[in-house]
Structures are given as C-alpha cells and as structure tokens.
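K.L.:
Predicted model and sequence follow; I will ask about them next.
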Amino acid sequence: MTGKIGASAALEQLTGWTQGKGDRDVIEKTYKFADFKTAWAFMTSTAIKADGMDHHPEWFNVYNKVEVTLTTHDVDGVSPKDVELAGYMDALAAKLG
Ligand SMILES: C[C@H](O)[C@H](O)[C@H]1CNC2=NC(N)=NC(=O)C2=N1
C-alpha cells in the first residue's frame, strides 16, 4: 500500500482540486455537466475504474453536479491512489464536456 502523501502534495499534481475544509486529510472537486445523464455517465465510468482500483470516491450528485471527495481510508489521508483516481476523473470529465 502506497503511503500517505497529504492533500497539499496531491494538489501540486492536479488542477481544480481543493483541500477539504474540515480536519480530514481529503481533496475535493465539484464537476458540473450539461445534464443529469452526462453526470450519470461520468459516475458510471468512474465507478468501474474505482472498483478496478479497489479505491472508491465519496460523492454526492444532484442533477448535473457531482461533488467528489477523495481520501484513502487505509492510510487515513490522501495517497497516490487518490491522485490517480482524480486524474482519471478529470480526463473523463474533459471528454464528456
Ligand atoms: C478493505 C478496504 O476497504 C479496501 O481495500 C479498499 C476499498 N476502497 C477504498 N477506498 C478508499 N477511498 N480508500 C480505501 O482505503 C479503500 N480501501
């Protein structure tokens, strides 16, 4: 298991993500899509990727918005797995528009 790197180190490798506001070591991003079915497509593809990684997001969806929180429970903070999944989500969101 790759170790904890912390939110600030992760943010140096990502665009548009922010550090969580609370006392948890997490990174967060809100995606906004054209409509609900596009948001759902984003979540469906991400779910398949996440399950393949055995690394799952915490997320909340209303209509065309998906609020995502990433952290690694096993190390109680942000790890390279979170950076990898965040990168996947950013590339997918760019493709979906
Ligand atoms: C047993 C443990 O929960 C699993 O190995 C996976 C499941 N998905 C996970 N997802 C996230 N975000 N962090 C984890 O540590 C994690 N662990």
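P.N.:
Sure, I can see it. Residues are numbered from 1 along each chain as shown.
K.L.:
so how far is Thr46 from the closest residue in space to Tyr31 that isn't next to it in sequence?
P.N.:
Leaving aside its chain neighbours, Tyr31 sits nearest to Val66 (4.7 Å; criterion: C-beta to C-beta, 6 or more residues apart in numbering). Any C-beta I mention is one placed from the backbone N, CA and C, and that applies to glycine too. When distance is defined by C-beta to C-beta, to the nearest Å, Val66 is 9 Å away from Thr46.
K.L.:
element containing the residue nearest in space to the middle of the chain?
P.N.:
Centroid-nearest residue in the chain: Ala86, 4.3 Å away (criterion: C-alpha atoms, centre = their mean). Assigned by DSSP states H and E, Ala86 falls within helix 80-96.
K.L.:
Packing partners of that helix?
P.N.:
Counting contacts by 3 or more C-beta pairs under 8 Å, 6 or more residues apart in numbering; DSSP states H and E, helix 80-96 is packed against helix 7-11, strand 27-32, helix 36-53, strand 65-70.
K.L.:
doesn't Ser79 make contact with Val26?
P.N.:
No. Counting by C-beta atoms under 8 Å, Val26 stays clear of Ser79, with 11.2 Å between them.
K.L.:
Show me where this structure dips below the pLDDT cut-off.
P.N.:
Scanning the chain for pLDDT under 70 picks out 1-2.
K.L.:
So which residues on it come close to the ligand?
P.N.:
Asp54, His55, His56, Thr72, His73, Asp74 (C-beta under 6 Å from any ligand atom).
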